[in-house]
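Q: next one to model:
(one chain, ligands or ions: 1)
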Amino acid sequence: MNDSPLLRVTSLKIAIRTREKDLFPVNSVSFHINKGECVCLVGESGCGKSVTALSLMGLLPSPPFHLAGGEIFFKDLAIHAMSSLELQDIRGRHMAMIFQEPMTALNPVFTIGEQIAEAVNAHFSFSPEETRKKTLAALEMAEMPDPGLYAASYPHQLSGGMRQRAMIAMALACTPSLLIADEPTTALDVSTQDQILQLMNSLREKNGLSLLFITHNMGVVAQIAQRVMIMYAGRLVEISPVEEFFTKPRHPYSKALLDSIPKYDSISGQDENTNNRKERLSTIPGNVPSLEAIPSGCPFHDRCPNAMARCSIETPLLMETGRDTEVACHLYSSCR
Ligand code: SF4
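A: Next comes the predicted model:
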């Protein structure tokens, strides 16, 4: 049995070249994803989540982006060393991506079926009949109730949830092993969001699909993830199994993110009869720094309630603090 991860990223560094200097939206990022596993990548906007995801697919425009260091291995393929032609062969066939807003990703002048068929024909030389079968099979996999009808529909004829299912069908058409989903449920109402998450869970369980799921919604994380990676200012600051993350978050940023989720009893207000107290919702002071102004040392130090003198000088590295758990924080360093 081969236990090596499906995807292994080591010390990934992505730079944006400017006239003055290189800026690093992704810095020293290392992680892995196993077969059939869903890993959620979480953080505020501007933390580097989408740049990380796009770099795995070789989809960052160059210039201004370039790979400044590190390695990306998908199975035994060195993605970081591939030409754009070689990457085209991997994209869609072995790794696929779905985005937040399907209306901008789908072409309004082609039917859903034509767009899925195009994705299939980009990688296989099937007859029109075989391509049609693959197209309908992909729509069925995405649990679209009447595949023939939806294959003949244009994107504007579908609801938001059905459009997202069409995007998933397109991504699954060539049966990739890794699906990268960049906030795919953010634009959907909660019940449609729930259906899409259930669909992804079942694809993972039944087909062994691996998922890198980008979100800032902790409810989504709880519903779909096996492991969680927290990102801040281009760096991973905590990697943890999902149960452990919710019961015992370690990094001060993880704790602050969890504290800023509204709790039912804190929004239900003061009840004169029961003396329940209405609590003010916690927020994280300040903002995610811009790439030009990432602080020295720990990038979170100017927002951290636990900051110490060394935090503004030394950058903490991700280190193991337990089984499958890694944290980048001086609070957990032995030479404190
Ligand atoms: Fe806070 Fe220091 Fe840990 Fe950074 S290293 S999260 S500033 S305690």
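
Q: next SSE after the worst-scoring helix or strand of the chain on mean pLDDT?
A: Scoring the helices and strands of the chain by mean pLDDT, DSSP states H and E places helix 264-267 at the bottom, with a mean of 58. Proceeding C-terminally, helix 264-267 gives way to strand 319-322 as the next helix or strand, assigned by DSSP states H and E.

Q: partner strands of that following strand, parallel or antiparallel?
A: strand 325-327 (antiparallel) (DSSP bridges).

Q: now what about the partner strand, what contacts it?
A: Strand 325-327 is contacted from outside by 236-241, 244, 250-251, 318-321, using CB atoms under 8 Å, 6 or more residues apart in numbering. In short, each C-beta sits where N, CA and C put it, glycine included.

Q: dump the residues you listed to JSON lines, plus distance to the ligand and neighbour count.
A: Putting these into JSON lines (distance: CB to the nearest ligand atom, whole Å; neighbours: other CB atoms under 10 Å) gives the following:
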{"residue": "236", "distance to the ligand": "13", "neighbour count": "27"}
{"residue": "237", "distance to the ligand": "7", "neighbour count": "25"}
{"residue": "238", "distance to the ligand": "10", "neighbour count": "27"}
{"residue": "239", "distance to the ligand": "15", "neighbour count": "24"}
{"residue": "240", "distance to the ligand": "15", "neighbour count": "25"}
{"residue": "241", "distance to the ligand": "20", "neighbour count": "16"}
{"residue": "244", "distance to the ligand": "18", "neighbour count": "16"}
{"residue": "250", "distance to the ligand": "10", "neighbour count": "22"}
{"residue": "251", "distance to the ligand": "6", "neighbour count": "28"}
{"residue": "318", "distance to the ligand": "12", "neighbour count": "20"}
{"residue": "319", "distance to the ligand": "12", "neighbour count": "13"}
{"residue": "320", "distance to the ligand": "16", "neighbour count": "11"}
{"residue": "321", "distance to the ligand": "12", "neighbour count": "17"}
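
Q: just checking, what packs against the biggest helix by length in the chain?
A: If you go by DSSP state H, the chain has its longest helix at helix 190-207. Applying 3 or more CB pairs under 8 Å, 6 or more residues apart in numbering; DSSP states H and E, we find helix 190-207 packed against strand 38-42, helix 160-172, strand 178-182, strand 210-215, helix 218-224.

Q: out of these, flag the one nearest the ligand.
A: Among those, the nearest to the ligand by CB to the nearest ligand atom is strand 38-42 (15.8 Å).

Q: ok, back up a step: need the helices and strands packed on helix 190-207 in CSV (columns: mean neighbour count, mean pLDDT and distance to the ligand).
A: Formatted as CSV, the helices and strands packed on helix 190-207 follow (neighbours: other CB atoms under 10 Å; pLDDT from 0 to 100; distance: least, CB to the nearest ligand atom, whole Å):
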stretch, mean neighbour count, mean pLDDT, distance to the ligand
strand 38-42, 26, 97, 16
helix 160-172, 24, 89, 36
strand 178-182, 23, 93, 26
strand 210-215, 24, 95, 22
helix 218-224, 19, 93, 19
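
Q: wouldn't residue 80 be in contact with residue 70 here?
A: Yes - Residue 80 is within contact range of residue 70, at 6.8 Å (criterion: CB atoms under 8 Å).

Q: burial measure for whichever residue of the stretch 151-300 of the chain sits closest to the ligand, as a count.
A: Closest residue of the stretch 151-300 of the chain to the ligand, CB to the nearest ligand atom: residue 298 (3.1 Å). Look at residue 298: counted by other CB atoms under 10 Å, it has 27 neighbours.

Q: do residue 109 as well
A: Neighbours of residue 109 (other CB under 10 Å): 8.

Q: okay, the residue nearest to it when sequence neighbours are not counted: pLDDT?
A: Spatial nearest neighbour of residue 109, chain neighbours left out: residue 154 (7.7 Å); criterion: CB to CB, 6 or more residues apart in numbering. pLDDT for residue 154: 95.

Q: show me the contacts for residue 154.
A: Residues counted as contacts of residue 154 (CB under 8 Å, 6+ apart) are 108, 109, 110, 111, 112.

Q: burial of the nearest residue to the residue of the stretch 151-300 of the chain closest to the ligand once chain neighbours are set aside, as a residue count?
A: Computed as CB to CB, 6+ apart, the closest residue to residue 298 that is not its neighbour in sequence is residue 311, at 4.6 Å. Residue 311: 23 surrounding residues under other CB under 10 Å.

Q: for residue 78, see how far away the most centrally placed residue in the chain is.
A: By CA atoms, centre = their mean, the chain has its centre lying nearest to residue 214, at 2.3 Å. Relative to residue 78, residue 214 is positioned 24 Å away (CB to CB, to the nearest Å).

Q: now residue 291
A: From residue 291 to residue 78 the distance is 27 Å (CB to CB).

Q: more crowded one of these two?
A: Between residue 291 and residue 78, counting by other CB under 10 Å, residue 291 is the more crowded of the two (17 against 11).
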